[in-house]
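# one predicted model, sequence on top.
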Amino acid sequence: MAGSPKCPRCGAAVTGTADDLGFLSCGGCGARLRKAPTVKVTIQSPSPTSTAPPVPAAAAPPPLPTGNRDAETTDSLLARIERVDASATLPPGAQSSHALKTAGFPPAASPAPRNEGMEGLKGILEAIQKDMATLKQSHQELAATVARLSAPKASTSTQPPGAPRPKTPPSALRPLLIVDDDAKAAEEVRKACERMGFAPVVSAAVRPALDAMGRERPALLILEPLLAGELSGKDFVNYVKSTMEWVEIPILVYTRAAIANHEQARTDFGADDYVIKAEGSIDLLAKKIARLLG
């Protein structure tokens, strides 16, 4: 039919009457098309007695939205949509947005992008990368140190290859520390150590013995636990066993105390071995010194 609108989708002529909302149905594809409304504008003629310029009549502005869309009646919403002069060829979504905007409803605000989570994740990743770089550098430094320490040192020996190396004499070892307030017994032990090739250091009390420990770091302690004075031999052993640098130094108890067995010597005095002071016990002491340092 001439003058009938055409469907923007299939191009078929759209006939028929509009429904209650002002939409026409396409018989070809079934699309719903809004019929373009006609806005009637009445221009008021100027009064002959009025000196003011004529004001063109305009459509009444749409009422402001109240904020409560549920309270808006269907008739008022349809009335606003009817006053919209929009092209019927717009897509359905664009038609609705344009109609609501022209009717006075503010457009929906786009949600602001939330970058807080991404920023926090980015900071965490950067911190992890820094930690990994630090660990990698530490690993490289440790590997270089291990390689340097494990590298074979150049031998300056004049002996032919395969020749047996001479044993280090006992006198070249670290000194032995003798802690005993019995001067006679301490002298006997000192002479026995010198005959074996060791360099003994004698102390009669705990405090000078601790100074000698830090200064000499002896290879063996020969201790009389029944020391007289402010600090006892047990106090001295507690100091030694609680110091990381000294905890591995063996202790040989040479005492006048009655010790029944090795278990008691280890439990009561922290000793690795013991010898009871008696006639001829210095020879047994020398054998146990050699065993502990062998």
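Sure, I can see it. Numbering: from 1, shown residues only.
# please report phi then psi for residue 9.
phi -90, psi -60 (degrees, to the nearest 10).
# if you could redo that for residue 205, that was the one I meant.
According to degrees, to the nearest 10, residue 205 has phi -150, psi 170.
# and the closest residue in space to residue 258 that isn't next to it in sequence, how many neighbours does it have?
In space, and not counting its chain neighbours, residue 258 is closest to residue 276: 7.6 Å by CB to CB, 6 or more residues apart in numbering. C-beta: built from backbone N, CA, C; applies to glycine. Neighbourhood size, residue 276 [other CB atoms under 10 Å]: 14.
# quick check: residue 276 touching residue 260?
No: between residue 276 and residue 260 there is no contact under CB atoms under 8 Å: 10.2 Å.
# next up, the contacts around the residue nearest to residue 258.
Shown in contact with residue 276 (CB atoms under 8 Å, 6 or more residues apart in numbering): 255, 256, 257, 258, 259.
# and the two most separated of those residues?
256 and 259 (10.0 Å; CB to CB).
# neighbour count for these two, which is higher?
residue 259 (19 against 13).
# so that one is in which element?
Using DSSP states H and E, residue 259 falls within no helix or strand.
# can you check the one 4 residues further on too?
Secondary-structure assignment from DSSP H and E places residue 263 in helix 262-269.
# give the buried residues for that helix.
265, 266, 269 (16 or more other CB atoms under 10 Å).
# now the element after that helix, going C-ward?
strand 273-276.
# may I see the buried residues of that following strand?
273, 274, 275.
# same thing with stretch 20-38?
24, 25, 26, 31, 33, 34.
# closest to residue 224 out of those residues?
Closest to residue 224, out of all of those and judged by CB to CB, is residue 31, at 112.5 Å.
# can you pull out the strands in the chain?
23-25, 32-34, 176-179, 200-203, 220-223, 251-255, 273-276 (DSSP state E).
# who's in contact with the fifth one?
Residues from elsewhere that reach strand 220-223, judged by CB under 8 Å, 6+ apart: 176-180, 189, 193, 233, 236-237, 240, 249-255, 269, 271, 285, 289, 292-293.
# how many neighbours does the residue nearest to residue 246 when sequence neighbours are not counted have?
Take residue 246 and drop its neighbours on the chain: the residue closest to it by CB to CB, 6+ apart is residue 240, 4.7 Å away. Using other CB under 10 Å, the number of residues around residue 240 comes to 20.
# which one of the strands of the chain lies closest to residue 121?
strand 32-34 (46.3 Å).
# low-confidence stretches in the stretch 51-200 of the chain?
Within the stretch 51-200 of the chain, the stretches with pLDDT under 70 are 51-117, 150-173.
# any idea how the chain splits into domains?
1-39+66-106, 171-293 (automatic domain parsing).
# deepest-packed of those domains, please.
Of the domains of the chain, the one with the most neighbours on average (mean count of other CB atoms under 10 Å) is domain 171-293, at a mean of 17.
# tell me the contacts of residue 240?
Contacts of residue 240 (CB under 8 Å, 6+ apart): 213, 221, 246, 247, 249, 251, 270.
# and of those residues, the nearest to residue 128?
Closest to residue 128, out of all of the contacts of residue 240 and judged by CB to CB, is residue 247, at 39.0 Å.
# can you pull the contacts of the closest one?
240, 241.
# rerun that using 7 Å as the cut-off
residue 241 (CB atoms under 7 Å, 6 or more residues apart in numbering).
# so how far is residue 290 from it?
23 Å (CB to CB, to the nearest Å).
# you'd agree residue 33 is up against residue 27?
No: between residue 33 and residue 27 there is no contact under CB atoms under 7 Å: 11.2 Å.
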